[in-house]
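Participant: model this:
(one chain, ligands or ions: 1)
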Amino acid sequence: TFLLQFFVGGNWKCNGTKDSISKLVTDLNSSTLEADVDVVVSPPFVYIDQVKNSLTDKIDIAAQNSWIGKGGAFTGEISIEQLKDIGCKWVILGHSERRHVIGEDDQFIGKKAAYALSQDVGVIACIGELLEEREGGKTFDVCFRQLKAYADVVPSWDKIVIAYEPVWAIGTGKVASPQQAQEVHQAVRDWLKTNVSADVASKTRIIYGGSVNGGNCAELAKEEDIDGFLVGGASLKGPEFATIINSVT
Ligand code: PEP
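Facilitator: Predicted coordinates for the structure are as follows:
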């Protein structure tokens, strides 16, 4: 049994306005949240400063992306140094929308993760298979390949949270069953044990993402190797996000 501190992230993606975000922050600030849960929210870059200046300091900020190295002549990119400057402690990397909509590959994502960690910014390292990969029996192959791309380059695992997000479950309303999620989480932990170390396997949080909501979080949270959640749609509703945070068991 692993007794790791629960970790819940809210990925707001490319949603929100100054007004809607102000309301969401107000709702989060007035929610009662379990004390022993690490909580982060991930606003669009342009609203990070607004959120940082208004949100309870019990919740940290994660960026939704970062550049692969030090800033400079990289039009349109945001550097880790800038993210640190405005108070981000974490960054989400390898999200399926970056992989499959934007076209980022394992190596590019690995570079971003290595650089963020080298600058002491934590990484929510996403992995997960497409529907056709699951149906083709390739779920473990894909997840292990994506994990290896991180493992090959990261300087340490102290500030990595792994997010298993089956792509077929993201934004679809089709949540993985607790058994489907647990099976992959356990396989990921075993992979870490074999390929990194027993210590890293026992200390690394493995969180689940993909259509988590206030109604399905409690059952998922009971699984031994589910150490929290990465939440998209339901994180845009303050009270529901609080329910998910408080589903810790
Ligand atoms: C996500 O994008 O990380 C995610 C899990 O989205 P949703 O909860 O909306 O499926």
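Participant: low-confidence stretches in this structure?
Facilitator: 1-2 (pLDDT under 70).
Participant: what's the single longest helix in it?
Facilitator: helix 178-195 (DSSP state H).
Participant: run through who's touching that helix.
Facilitator: 2, 127, 139-140, 143-144, 147-148, 151, 157, 162, 164, 166, 176, 200-201, 204, 206, 208, 219-220, 222-226 (Cβ atoms under 8 Å, 6 or more residues apart in numbering). Quick note: C-beta positions are derived from backbone N, CA and C, even for glycine.
Participant: just to be sure, V123 is in a strand?
Facilitator: Yes: counting by DSSP: H, G, I helix; E, B strand; the rest coil, V123 is found in a strand.
Participant: what number of residues lie near it?
Facilitator: V123: 27 surrounding residues under other Cβ atoms under 10 Å.
Participant: contacts only, for it.
Facilitator: Contacts of V123 (Cβ under 8 Å, 6+ apart): W90, V91, L93, A113, A116, L117, V154, K159, I160, V161.
Participant: so how far is A73 from it?
Facilitator: 25 Å (Cβ to Cβ, to the nearest Å).
Participant: please apply the same query to E240.
Facilitator: 42 Å.
Participant: number of residues surrounding E135?
Facilitator: 11.
Participant: can you tell me how far it sits from the ligand?
Facilitator: Using Cβ to the nearest ligand atom, to the nearest Å, we find E135 at a distance of 19 Å from the ligand.
Participant: who's in contact with the residue of the chain found nearest the ligand?
Facilitator: Residue of the chain nearest the ligand, by Cβ to the nearest ligand atom: G232 (2.2 Å). Contacts for G232 (Cβ under 8 Å, 6+ apart) come out as N11, K13, I170, G171, G209.
Participant: which one among these gets closest to L55?
Facilitator: Nearest to L55, judged by Cβ to Cβ, of the contacts of G232 is N11 at 15.3 Å.
Participant: tell me who's in contact with the closest one.
Facilitator: By Cβ under 8 Å, 6+ apart, the neighbours of N11 are S42, A62, Q64, I92, H95, G209, L230, V231, G232, S235.
Participant: now with 7 Å, please.
Facilitator: Residues counted as contacts of N11 (Cβ atoms under 7 Å, 6 or more residues apart in numbering) are S42, Q64, I92, L230, V231, G232, S235.
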